[in-house]
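1. after the sequence you'll find the predicted model.
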Amino acid sequence: MMFVDRQRELTRLKTALKRDKPQFIVIYGRRRIGKSTLIKKVLDFERGDIFFMADRTSEPSQRHLFSATVDRIINGFSSANYPNWESLLVNLNRFVDKRVTVCLDEFPYLVKSCPALPSILQKLLDEKLLKYDLIICGSSQQMMQGYVLDTKEPLYGRADEIIKMKPIPASFVQQALQCNVTQAVFEYSVWGGVPRYWELRNNYESLNEAIKNLLLTSDGTLYEEPARLLQDEMRDTIQASSVLSFIGGGAHKISEIAARAEKKTTDITPQLSRLRELGFISKEIPFGENEKNSKKGLYYISDPLLHFHYRYVLPYRSLIELGNSESVLELFDATRNDYTSETWEQLCRNHVAARSIDGVVYKMALRWWGNYFDEERKQYCKAELDVVAESFDGQHLFIGECKWKEEVNVREELLRLKTIAKGLPFVKGHTIHYGLFLKEPTTHSENVTVFYPDDVMTSL
């Protein structure tokens, strides 16, 4: 398994395991994010550490499989009969003669077969009986969060460390896939920051070949990945997938999504909230508005693989099932700049946040859309701005435009930004700074800060 970045998580894990007392550590995150790989980096199997990956079998089967795993380290351990998990874990405690680490991977599967397991662990932890470090790990973020963050659950407040594994930053794509920085933006727009996806992508010579074999083939490794992600996290996967499908199809207002679903907005709000918590979608509001009060919120699919799936896979599933993936691939080729531009815009906004640009440090950058007053035409006009950020001291405003195409007229783009900026409702009292985020280096004589993929990707 590919191991890139993760130094912060690795340091936290190593530091915890060096403490004087045995630790109870919880690690969770979406499937394929690298949890098991991280854990195996700190386990010492020669010392006697134990790694057990649960499955969906019954409780007796799980106990038998676990004792058989322990038997490889402690000869004869599986010969005893263990009627429940408490007897098994307590007996393991008796057998170990030195401090080792025990990992229970895919912990939610164990709990599904034995709902009493969290209470059993609570008892062992509270009585401080364990001589070994215990790591529990799981891909269902909803369930894992519930076990340790819900005040009503037995394991609440017991963990010494809780590590949530997040996607790896875009800046590591170039290193992982050994490509140039422009190609890295294309790659990230499809695979996101999930290391297993990068590893699978590396098996193919080109991005198109990887897309065709992994995503646009009915037996492709990642063809059903979105369904599996939703099954891990959502009770109503049909409703969740429908919501994602509507957003991917261009419905971004909650009223539009609800109308397509033929439901009230209140009926789909729980799904939208949960999808946001999981990082699958994001809600954007225009710069300068309060999220609690604004009625202009727009929803977008923020996870790149899901974004690709609901734009190019689901709408053309019939073609793919008939083996006609080439047609879908041709569509992707024809629209790849447009598709990638959405990812590029978000990367550019992330680049601006908390960064010093020409000596000014800015807060979070947002999009803006709405009406501005055009002085030349003496009327209000609609416009959108890709990047707007206010400085921490409130004195400066950064306004930027993102372009992911080959040729850009810098002068025209700068003139457009300045025309809009003059009529914006929130510019009064600010010094305005302009910036352009471009795909390729462009010769120009304008006095404007220009950013390229090298600037953006290396900073994230």
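-> That came through fine. Because the structure is a prediction, the values reported are computed rather than measured.
2. how long is stretch 220-230 from one end to the other?
-> Using CA to CA, to the nearest Å, the end-to-end distance of stretch 220-230 comes to 18 Å.
3. and it, what's buried?
-> By 16 or more other CB atoms under 10 Å, the buried positions in stretch 220-230 come out as 220, 222, 223, 225, 226, 229, 230. All C-beta spots, glycine's among them, are computed from the backbone N, C-alpha and C.
4. what residues does it touch?
-> Stretch 220-230 is touched from outside by 30-31, 197, 200, 213-217, 237, 240-241, 244, 280, 305-306, 309-310, 313, 320, with contacts defined as CB atoms under 8 Å, 6 or more residues apart in numbering.
5. mind listing which of these are in helices?
-> Judged by DSSP state H, the contacts of stretch 220-230 include 197, 200, 213, 214, 237, 240, 241, 244, 305, 306, 320 as members of helices.
6. relative to residue 257, which of those is nearest.
-> Among the ones in helices among the contacts of stretch 220-230, residue 244 lies closest to residue 257 (CB to CB), at 9.8 Å.
7. measure the closest one to residue 238 for me?
-> According to CB to CB, to the nearest Å, residue 244 and residue 238 sit 11 Å apart.
8. show me which of the two is the more surrounded one.
-> Under the neighbour definition other CB atoms under 10 Å, residue 244 and residue 238 were set side by side, and residue 244 has more, 25 against 9.
9. show me what contacts the more buried one?
-> The contact partners of residue 244, by CB under 8 Å, 6+ apart, come to 226, 275, 280, 281, 301, 306, 310.
10. and for residue 103?
-> Going by CB under 8 Å, 6+ apart, residue 103 touches 39, 43, 49, 50, 51, 52, 134, 135, 136, 137.
11. could you export those residues as a markdown table, including neighbour count and distance to residue 334?
-> Output for those, formatted as a markdown table (neighbours: other CB atoms under 10 Å; distance: CB to CB, whole Å):
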| residue | neighbour count | distance to residue 334 |
| --- | --- | --- |
| 39 | 20 | 43 |
| 43 | 19 | 48 |
| 49 | 20 | 52 |
| 50 | 21 | 52 |
| 51 | 17 | 46 |
| 52 | 18 | 48 |
| 134 | 21 | 53 |
| 135 | 28 | 47 |
| 136 | 26 | 47 |
| 137 | 25 | 42 |
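12. domains of this protein?
-> Domain assignment for the chain by automatic domain parsing gives 7-164, 172-337, 350-457.
13. which of these sits closest to residue 344?
-> domain 350-457 (4.5 Å).
14. off-centre distance for the closest one?
-> Between the centre of domain 350-457 and the centre of its chain there are 27 Å (CA atoms, centre = their mean, to the nearest Å).
15. now do stretch 420-432: everything it contacts.
-> Residues from elsewhere that reach stretch 420-432 (CB under 8 Å, 6+ apart): 287-288, 368, 370, 372-375, 380-381, 383, 385, 390, 394-397, 399, 434.
16. ends of it, how far apart?
-> First-to-last residue span, stretch 420-432, CA to CA: 12 Å.
17. now it: buried residues?
-> 420, 421, 423, 424, 427, 430.
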